[in-house]
Each structure stands twice: as structure tokens, then as C-alpha cells.
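Novice: can't give you the sequence, but here's the structure:
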């Protein structure tokens, strides 16, 4: 019996896929199809497949052409599979010609001519793109524009801001400071205006029927936050809290691992986020254009606290050093939370520096994420016996921004909010900002 194996993502299965599978099947007696996993696709730059792994496997199975389906999960697996499954022929599309010649050592390699004029990439590229406009800060929007180029199905078309700033060379975008006119030209908005404007900018966009991806916090008060989610739900719109860390594969995996009980019952979560790059402490700095430490860093630092410990804490206390109290600019803030099952603490600062680590302590061990943990591709699970320690590595491209954009696009297309930041967590973050602004249970030092 001649065994044949081929691999692919098989996203949005189309006629070209079927023809390739038919021709692969004709090469032997038994066809094995390897479908790439979502994680492996990410390492290869495929970040916005339209279908899940299980949907793609089902589509291949439904063709009736595969005698066996396996999942491809890591670099070099093809050699393992060929050996393990006693494969005689490896085949793939001719666009890979020469690339897999190294497999000739293990089996015969055949490159099949692709069906002209059709591919998954072309199908995704040819579909109508979501027209997105950016609202606010030049520094943030430049990153968004750059990362959006890696996501099929989205097009940044314009910017609404008082200052034009800069955009990547070659980008043809319209600029305006008229928000109402701006909203007429877009289908969705990414809001990165000053935090105190997030509520008003988001509300106007939602009432105009636009989907919204808004940098956290999406509002300044609990009531405002709840109102925004009510409007979005009533109009069938997507409102997502933009915290790019949530879309980092390493971060996502460590949260899931913590919840499995691998390190026992979680007793404490400690997150530190600091940076001096913003220059708020520099003499002569224009504080009117700056985000304070709480709005700039607390949403990120609070993310693992609320996703692991939950949002129903018993008490919290702020310890704050203000740079300019009237302007609500804190140079450093520490928040301690008390839960019925443990404690949590965050430190955020734009006017002080500390090691930006994340440590999740449990009754059996702990998870350690080195600085800067908010854009990590690596973490460790440590135990009393060092021989039991494990290290985990995951690829991170674009600080998680491109994954966040892809999730937003998929949510809009599906009509289902699949944000990695739940509405409950988003509202809890706004609640903490609300209490900070009200100076509730705060200790100030000088």
C-alpha cells in the first residue's frame, strides 16, 4: 500500500484545495492530510484564518478524500510524521517547489501544480474590507496602521485628530478634526484619544452605528461603561476593550495554565508596569497631552488580577504619589486588593521605575513572567523541586496588536463579541479608575 501525505491550513476550503487533495489521493492508495494548528499557523504569520482548527478539519473530512487526518503543531513535524506513519510520498503545491527537497531523504517528494486563480489568501483578500478610522494619539495610531497591514479584511482609511502626526510612507489616509463627518466615512473606529474623551467618542460612534475598538479604560465611571455596552448590545454592534496583552499567546496560555490548578490554589497575583519613556516627570512637560500612570498602565496590570482572581474583591486601597494632583497626574500608584481566597497587588508608574514582572503564587508552585511581562513570549512554572520546573515559549509578533485587530475583525464579521477581555473585566477596570478619580480609600505620599 502506497501512503501519501500532504499538509495545509485549508482555511475557507475551496475548489483549489479539493483539486489538490484529489491529485494527492491519486498518487497512492492511502491519503493522510495534515491540518495546521492555530498556534503553528501563528508562528508562520497566518494570524487571521477565518475558521477554527475543528472547522477546518471537518471541511477536509467532508470532502471524503482523506483516509486519515492529523494535526501539524510544530516545526520539523513532517519528518516525524513520515517516519512514524511509514509514508511513501510527500506532496504539496508547486508554489513550495524546492522548499521541501530535504524530505527526499525520507520519502519521495512531489510538487503538484496549483489551480490557477484561486487560493485561500486570494479569497480573503478579495472580500470587502472593513473600513476603519483612527481617533486620537499619533504614537499609538502609527503602530495600529503598521500592524493592520498583516490582517486581511481590514483597511485603515482615515484619522480624526487635532494634530495630523505621521503615518507610514505611502499610506493615503484622509485627515479631519470633524468627528461627525469622520464617522460618515468609516464602518468602525479605533479610539486612542485622551482617556477622559473615551466615553464621549465611543458613545458618538456607537450611536452612529459604528463598531468600536477602544483603548482601555473605555470610560471614566461605572455608569458610563454600562451605558456604552447597553448601546452596543441594542444596536447589534461590537464594542471591544483594546488591551493588546490579552492577545499575546504566551499571556493567554499562562492564564489558562494558572486556572488548571497546576500550581495549586492561587493565593496572590502581583503585576508591575512602569516606564519613564513618556517623560511626564521631565521639567516643562506638557501634562495636558499626557496619560497618567493609572490610565496608561493600570488596565494592563489589572488584567491578570481580574482574569485570575476575579472581579469580586472584598476591599482595595490606593497608595499614590501625585506629580500634579489638579491635573490628576500620578507618577506612581500601588493598589492592594483583598479577596476571600487571597490577595493581589499592582504597581504602575510613569515617574518611577521598577522591575516589570508578573508573579502568580499558588499553594504548589508559582508562575514567573520576566519583564516586560505585558509583551512576553516566555514564562516559567516553578516548583519547590527545581527539577519539576518548566519553561514555555510562544512567538509574539507586533506586541499582540495584529492579533487584537484580527479578533476585532472576526467579531464584526461574525456578529459575536469574541474579545479576550470580557465585559465583566472591562467594567471592573473602569470601576478601579472611577474609584481612583474619586480618591476612594487612598493614601497619598509626597
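Specialist: Thanks, I have it. Only a predicted model underlies this, so the values are computations on that prediction, with no experimental measurement involved.
Novice: What is the least confident helix or strand in this protein?
Specialist: Counting by mean pLDDT, DSSP states H and E, the weakest-scoring helix or strand in the chain turns out to be helix 120-126, with a mean of 53.
Novice: For the helix or strand just after that helix, name the packing helices and strands.
Specialist: Sequence-wise, the next helix or strand downstream of helix 120-126 (DSSP states H and E) is strand 130-136. Under the contact criterion of 3 or more CB pairs under 8 Å, 6 or more residues apart in numbering; DSSP states H and E, strand 130-136 touches helix 138-148, strand 154-160, helix 179-184, strand 188-192, helix 198-207, helix 401-414. Every residue, glycine included, has its C-beta placed from N, CA and C.
Novice: Ranking these by mean neighbour count, which comes first?
Specialist: strand 188-192 (a mean of 25; mean count of other CB atoms under 10 Å).
Novice: Okay, now the unreliable bits of the stretch 101-250 of the chain?
Specialist: 116-127, 138-139, 162-171 (pLDDT under 70).
Novice: list the contacts for the residue nearest to residue 25 when sequence neighbours are not counted?
Specialist: Using CB to CB, 6 or more residues apart in numbering and skipping residues adjacent in sequence, the residue nearest residue 25 is residue 31, 4.6 Å away. Residues in contact with residue 31 (CB atoms under 8 Å, 6 or more residues apart in numbering) are 4, 5, 6, 21, 24, 25, 65, 66, 67, 68.
Novice: same thing with residue 87?
Specialist: Counted by CB under 8 Å, 6+ apart, residue 87 has contacts 3, 4, 5, 32, 81, 106, 107.
Novice: re earlier: how close does the residue nearest to residue 25 sit to residue 398?
Specialist: Residue 31 sits 37 Å away from residue 398, going by CB to CB, to the nearest Å.
Novice: can you pull the pLDDT of residue 414?
Specialist: pLDDT recorded at residue 414 is 84.
Novice: Check the one 4 residues further on too.
Specialist: For residue 418, the model assigns a pLDDT of 79.
Novice: Distance check, it against residue 246.
Specialist: Residue 418 is 12 Å from residue 246, by CB to CB.
Novice: Count residues in the vicinity of residue 434, would you?
Specialist: When neighbours are counted by other CB atoms under 10 Å, residue 434 registers 19.
Novice: quick one on the thing from earlier: CSV for the helices and strands packed on strand 130-136, including distance to residue 320?
Specialist: Below are these laid out as CSV (distance: least, CB to CB, whole Å):
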stretch, distance to residue 320
helix 138-148, 25
strand 154-160, 33
helix 179-184, 33
strand 188-192, 25
helix 198-207, 21
helix 401-414, 29
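Novice: Any idea which of those gets closest to residue 53?
Specialist: For the helices and strands packed on strand 130-136, the distance to residue 53 is smallest for helix 401-414, at 14.4 Å, taking CB to CB.
Novice: Who are the packing partners of the closest one?
Specialist: strand 130-136, helix 138-148, strand 211-215, strand 239-242.
Novice: quick one: the strands in the stretch 1-150 of the chain?
Specialist: For the stretch 1-150 of the chain, the strands defined by DSSP state E, counting those that start in this stretch occupy 3-8, 30-36, 68-72, 89-93, 108-112, 130-136.
Novice: No further queries at this time; thank you.
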